[in-house]
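Q: Compute the structure for the input listed below.
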Amino acid sequence: MVNPDETDLSTQQDRAQASPRLSRPHGDEGRPAGVERAPREGPEEAVRLRPIRLKRRADFLAAAKGRRVKGRDFTVQIRQRADELGPRVGFTVTKKVGNAPERNRIKRRLRAVCAANCGAFAAGTDYVILARRGVLSAPFQSLEAALWEATAGGRHNGLG
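A: Numbers count the residues shown, from 1 in each chain. Model (predicted):
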């Protein structure tokens, strides 16, 4: 049933209608074509690569068979891989540590510590960090020092 107040409207637009985009005759026209940005002066910044995240269960199980370094706030499982690709890092926070928001906060803190200390990880190595509740209250600097000590600053000779 059609309401008498409604009328049928065409869905096709009139060709004479102006473009809905606004023209910018007085605006910034941007960089001219073919002009490139001038190279930066001074020393180049060192590129800091973040470790690749471990996500597969098989990788976590393989790392569990490697060497363990125990610390106050976390344990690090270290496993040497056959390839020489970049380091890979995984995080394990069990339900015994706390509820979901606390576990997420612990993982965020550990990811930040790992990102800030990329040099602590050796290429061709997998690391799994098993967190304890103390990560929540530990100062960031002490977490960094503990990570650096557990990973021996990226030097792992004779690992199994």
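
Q: can you give me the helices for this structure?
A: Assigned by DSSP state H, the helices in the chain fall at 57-64, 100-116, 140-150.

Q: Residue 134: neighbour count?
A: 16 (other CB atoms under 10 Å). Glycine gets a C-beta too; all of them are placed from N, C-alpha and C.

Q: Residue 84: which of the helices of the chain is closest?
A: Among the helices of the chain, helix 57-64 comes nearest to residue 84, with 16.7 Å by CB to CB.

Q: Output the closest one as PDB - backbone C-alpha positions only.
A: Taking Å, rounded to 0.1, in the frame of the first residue of the first chain, the C-alpha atoms of helix 57-64 are listed here in PDB:
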ATOM      1  CA  ARG A  57      51.900 -24.200  19.600                       C
ATOM      2  CA  ALA A  58      54.600 -26.300  18.000                       C
ATOM      3  CA  ASP A  59      57.100 -23.500  18.300                       C
ATOM      4  CA  PHE A  60      56.300 -23.100  22.000                       C
ATOM      5  CA  LEU A  61      56.700 -26.800  22.600                       C
ATOM      6  CA  ALA A  62      60.000 -26.900  20.800                       C
ATOM      7  CA  ALA A  63      61.300 -23.900  22.900                       C
ATOM      8  CA  ALA A  64      60.200 -25.800  26.100                       C
END
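
Q: could you measure residue 55 against residue 126, distance?
A: From residue 55 across to residue 126, the span is 12 Å (CB to CB, to the nearest Å).

Q: just to revisit the earlier point, possible to save the helices of the chain as CSV with mean pLDDT?
A: Below are those laid out as CSV (pLDDT from 0 to 100):
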stretch, mean pLDDT
helix 57-64, 92
helix 100-116, 92
helix 140-150, 89
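
Q: ok, back up a step: shared neighbours of residue 55 and residue 126, which are they?
A: Common neighbours of residue 55 and residue 126, counting by CB atoms under 8 Å, 6 or more residues apart in numbering, are residue 90.

Q: More neighbours: those two, which one.
A: Shown here are residue 55 and residue 126; by other CB under 10 Å, residue 126 has more neighbours (22 against 9).

Q: which intervals of the protein have sub-threshold pLDDT?
A: 1-11, 13-49, 153-160 (pLDDT under 70).

Q: Tell me how many other residues surround the spatially closest residue to residue 89 that is not a sequence neighbour.
A: Using CB to CB, 6 or more residues apart in numbering and skipping the chain neighbours, the partner closest in space to residue 89 is residue 51 (4.3 Å). Residue 51 is flanked by 21 other residues according to other CB under 10 Å.
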